[in-house]
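Trainee: give me the fold of what follows.
(4 chains)
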4 protein chains.
Amino acid sequence: MSPHPISAPGPASGSHGGGEAALSTPYVHHHRLRVRYAETDQMGRAHHANHIVYMEEGRTRMMADLGLPYDEVERRGIGLVVRAVDVRYRDAALYDEELLVCTWVRTVRGASVEIAYDIRRAKDDTSVATGSTQLACVDLTREPAAVIPLPRDLFDLFDAARLGRVIPPG
Amino acid sequence: MSPHPISAPGPASGSHGGGEAALSTPYVHHHRLRVRYAETDQMGRAHHANHIVYMEEGRTRMMADLGLPYDEVERRGIGLVVRAVDVRYRDAALYDEELLVCTWVRTVRGASVEIAYDIRRAKDDTSVATGSTQLACVDLTREPAAVIPLPRDLFDLFDAARLGRVIPPG
Amino acid sequence: MSPHPISAPGPASGSHGGGEAALSTPYVHHHRLRVRYAETDQMGRAHHANHIVYMEEGRTRMMADLGLPYDEVERRGIGLVVRAVDVRYRDAALYDEELLVCTWVRTVRGASVEIAYDIRRAKDDTSVATGSTQLACVDLTREPAAVIPLPRDLFDLFDAARLGRVIPPG
Amino acid sequence: MSPHPISAPGPASGSHGGGEAALSTPYVHHHRLRVRYAETDQMGRAHHANHIVYMEEGRTRMMADLGLPYDEVERRGIGLVVRAVDVRYRDAALYDEELLVCTWVRTVRGASVEIAYDIRRAKDDTSVATGSTQLACVDLTREPAAVIPLPRDLFDLFDAARLGRVIPPG
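Mentor: Prediction:
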């Protein structure tokens, strides 16, 4: 399986931390959505806070499509909490434009995972924004939530996605 | 104590359901906020879904100012769930405009309360939107949340506000 | 063409204002979406302001599917401004649940249109919320926007939908 | 004038790019807001997309308090478009908690400005999130909006704030 080359900018060299990884290509998940009217601002474009939500939607769709919906994870008392986010805005996304959210796993660590995104305009395949999120695994049953190692199945799912070793949905 | 006449359109005749109420004027709470850039849409005004949030902010500020913050209510396992909302939009609210959210209690029943709102533009005291919400009292510790009678202190607080028998904050 | 009976509660008797209309059934548009994580609140359900956005999404999808996308309308300098909204919440919509937004035209007047909605949970076809919006047609090129009659094509599209005389998409 | 030491983490060493700057301390603007119920998510905290909006609110309040409200800038046909944003989340912000948004100018260039933020919990002065935004100056009267040099008054305002040479409001 190979990701669509257009939407797979790929991890920066060495980010996988291993020789094996250097040869692998991550699985890239694709999710389509449309810019809602409520998401536009008076500059006539999707307000930049919405891209954070688009990225989250891409991430949770990826998890569901790979067989581990995030709501099931939370029901087990485990949460993935966003610790950091960065976005680089490249072009305006307009009302009703269809966007393609490309999502892939960049790095998996013991208790955290870094997910990367490329939000592209569907009609001309132009990148609207790229970004990443750092997620920490937490025990939601403790107050306050404590960081814990990723459960085996979550770790394996993210690592397989990172290495491109997943069976894509559909 | 009398509410500010400008922002107290008052309950519709008979809505209190009693002779006493017909003579009373509700306490009207005032809360100021500004339209955020993220809340505007490409028509150059606050998108109409935000007025629902402004009304909620007015309602929770009123409860806090009357001595019973809503977060304390939830910590007791009790929730006020919105069952119905209606809004009539009267004028555009623009970015950075200061709004005055006027909030008052219209009707209190055994297990529900109706709150009314008048969102006014501060600079010219023009009504931007009026509306109301029906809230049901629920037991959050049950799954799914079950409707329960309003606890005594909540009922009394809302009823005193409805009758104008509260000590206004500040 | 007949709308899906499940999702077509139908206009209230007499709302069409004519004998002909009393015999007709409106076209009911269906749009699917999922509750986003960002849309949940700490009560663990979609916050009630989001249903306003879901209704708007249903409305604009209906217009696009009937051949007149709302962004084209705005490019002609014409806007449909929400003058009133009401929602009755019937059940909680949870994170990641798929919702079916059923949208139909209830009333068409010279310069306004009333759209009705039934937001249903896809998996068990339970109504999550019902509501309606009153939209006024405005000239966006004037400042402030002035109410104008619905252009012929918009009036005809809404009226055909109201009478069930449209060719459904797909 | 000196900023409040608590909320002035200060720019990283050398980020001003000059010897003069190394001796200066930026003006730090303070803005208070409360986490809205609609902003919480089912994890019981302010959803991470809202911090972007809090930062924007801090930035526009700073501009208004320094004498150049952003809506006036847009009325002149000039926009400040967000090109990049990064946020590091440090602690959960809960419903109704009062937050102190500390905002300061980190770097000013010919056609862009970098603003930094520290969002702190008011009651215990703990940092909830830190971040920054890169803003490009654009000509809104052109389609698409073209990058232009910062007008003199905007450049001077940001540069004075960066160097701590402003008369704080109030």
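Trainee: can stretch A:82-99 be found next to chain D?
Mentor: Yes - contact of stretch A:82-99 with chain D (C-beta under 8 Å from any C-beta of the partner chain) involves A:82, A:83, A:84, A:85, A:86, A:87, A:88, A:89, A:92. From N, CA and C alone the C-beta is placed, and that goes for glycine too.
Trainee: for those, work out which two are farthest apart.
Mentor: Largest separation among the residues of stretch A:82-99 next to chain D by C-beta to C-beta: A:83 and A:92, giving 28.4 Å.
Trainee: distance from the lengthiest helix in chain A to the middle of the chain?
Mentor: Longest among the helix segments of chain A by residue count, using DSSP state H, is helix A:50-65. Put simply, helix A:50-65 sits 6 Å off its chain's centre (C-alpha atoms, centre = their mean, to the nearest Å).
Trainee: and the angle from it to helix D:50-65?
Mentor: Angle, helix A:50-65 to helix D:50-65, by axes from the mean of the first three to the mean of the last three C-alpha atoms, to 10 degrees: 180 degrees.
Trainee: any idea which element the closest residue in space to residue A:61 that isn't next to it in sequence lies in?
Mentor: Leaving out its chain neighbours, the residue that sits closest to residue A:61 by C-beta to C-beta, 6 or more residues apart in numbering or on different chains is residue A:31, at 4.4 Å. Using DSSP states H and E, residue A:31 sits within strand A:29-34.
Trainee: for chain A, which residues are neighbours of chain B?
Mentor: A:37, A:38, A:40, A:41, A:42, A:43, A:44, A:45, A:47, A:49, A:95.
Trainee: where in chain A is pLDDT low?
Mentor: A:1-23, A:168-170 (pLDDT under 70).
Trainee: now the angle between helix A:50-65 and the lengthiest strand in chain A, please.
Mentor: The longest strand of chain A (DSSP state E) is strand A:126-139. Put simply, strand A:126-139 runs at 60 degrees to helix A:50-65, going by the same axes, to 10 degrees.
Trainee: and the gap between residue A:159 and residue A:113?
Mentor: 9 Å (C-beta to C-beta, to the nearest Å).
Trainee: do residue A:125 as well
Mentor: 27 Å.
Trainee: neighbour count winner among the two?
Mentor: residue A:113 (25 against 11; other C-beta atoms under 10 Å in any protein chain shown).
Trainee: so what's the more buried one up against?
Mentor: By C-beta atoms under 8 Å, 6 or more residues apart in numbering or on different chains, the contact list for residue A:113 reads A:80, A:105, A:107, A:134, A:135, A:137, A:150, A:158.
Trainee: need the three-state assignment for the residue located most distally from the centre of chain A.
Mentor: Distance from the C-alpha centroid of chain A peaks at residue A:42, with 28.0 Å (C-alpha atoms, centre = their mean). Under DSSP: H, G, I helix; E, B strand; the rest coil, the three-state class of residue A:42 is coil.
Trainee: distance of the nearest residue to it once chain neighbours are set aside from residue D:34?
Mentor: Using C-beta to C-beta, 6+ apart and skipping the chain neighbours, the partner closest in space to residue A:42 is residue B:40 (4.0 Å). Taking C-beta to C-beta as the measure, residue B:40 falls 21 Å from residue D:34.
Trainee: so the residue nearest to residue A:42 touches residue A:41, yeah?
Mentor: Yes - Residue B:40 lies in contact with residue A:41 (C-beta atoms under 8 Å); the separation is 5.0 Å.
Trainee: chain D contacts on chain A?
Mentor: Contact residues, chain A versus chain D (C-beta under 8 Å from any C-beta): A:42-43, A:48-50, A:52-53, A:56, A:74, A:79, A:81-89, A:92, A:140, A:144-145.
Trainee: go again using 6 Å as the cut-off
Mentor: Residues of chain A that fall close to chain D, judged by C-beta under 6 Å from any C-beta of the partner chain: A:48, A:49, A:52, A:53, A:82, A:83, A:84, A:85, A:86, A:87, A:88, A:89.
Trainee: check contacts around the closest residue to the fourth one other than its chain neighbours.
Mentor: Residue nearest to residue A:53 in three dimensions, not counting chain neighbours: residue C:38, with 4.7 Å by C-beta to C-beta, 6+ apart. Residue C:38 makes contacts with A:53, D:47, D:49, as judged by C-beta atoms under 6 Å, 6 or more residues apart in numbering or on different chains.
Trainee: next one: residue A:115
Mentor: Per C-beta under 6 Å, 6+ apart, neighbours of residue A:115: A:59, A:105, A:133.
Trainee: part of a strand, is it?
Mentor: Yes - Residue A:115 forms part of a strand when assessed by three-state DSSP.
Trainee: and it, what are its bridge partners?
Mentor: In this entry, residue A:115 is beta-bridged to residue A:105, residue A:133, by DSSP bridges.
Trainee: do you know how far it is from chain C?
Mentor: 14 Å (C-beta to the nearest C-beta, to the nearest Å).
Trainee: over to residue A:51?
Mentor: 12 Å.
Trainee: now do residue A:73
Mentor: 11 Å.
Trainee: now do residue A:67
Mentor: 14 Å.
Trainee: so who does that residue touch?
Mentor: Applying C-beta under 6 Å, 6+ apart, no residues contact residue A:67.
Trainee: do the same with residue A:97
Mentor: A:35, A:121.
Trainee: now with 7 Å, please.
Mentor: A:34, A:35, A:121 (C-beta atoms under 7 Å, 6 or more residues apart in numbering or on different chains).
Trainee: enumerate the residues of chain A near chain C.
Mentor: A:36, A:37, A:38, A:53, A:56, A:57, A:60, A:69, A:71, A:95, A:96 (C-beta under 7 Å from any C-beta of the partner chain).
Trainee: out of the residues you listed, flag the one nearest to residue B:164.
Mentor: residue A:38 (36.8 Å).
Trainee: and the gap between that closest one and residue B:147?
Mentor: Taking C-beta to C-beta, one finds residue A:38 at 30 Å from residue B:147.
Trainee: check residue A:28 too.
Mentor: Taken as C-beta to C-beta, the span from residue A:28 to residue B:147 is 47 Å.
Trainee: mind checking which of those two has more residues around it?
Mentor: Neighbours were tallied for residue A:28 and for residue B:147 using other C-beta under 10 Å; the higher tally belongs to residue A:28 (25 against 13).
Trainee: the more buried one contacts residue A:101, doesn't it?
Mentor: No - the pair residue A:28 and residue A:101 fails to qualify as a contact (C-beta atoms under 7 Å) at a distance of 10.3 Å.
Trainee: my read: residue A:78 touches residue A:141, true?
Mentor: No - using C-beta under 7 Å, residue A:78 is not in contact with residue A:141, being 8.8 Å away.
Trainee: compare those two and say which is more crowded by neighbours.
Mentor: Between residue A:78 and residue A:141, counted using other C-beta under 10 Å, the more crowded position is residue A:78 (19 against 11).
Trainee: now that one, which residues is it bridged with?
Mentor: residue A:139.
Trainee: how close does it get to chain B?
Mentor: For residue A:78, the distance to chain B - C-beta to the nearest C-beta - is 19 Å.
Trainee: cool, and residue A:120?
Mentor: 21 Å.
Trainee: now swap in residue A:33 and tell me
Mentor: 18 Å.
Trainee: give the contact list for that residue.
Mentor: Residue A:33 neighbours (C-beta under 7 Å, 6+ apart): A:54, A:57, A:99, A:101.
Trainee: closest one of those to chain C?
Mentor: residue A:57 (5.8 Å; C-beta to the nearest C-beta).
Trainee: ok, now which ones touch the closest one?
Mentor: Residue A:57 neighbours (C-beta under 7 Å, 6+ apart): A:31, A:33, A:101, C:36.
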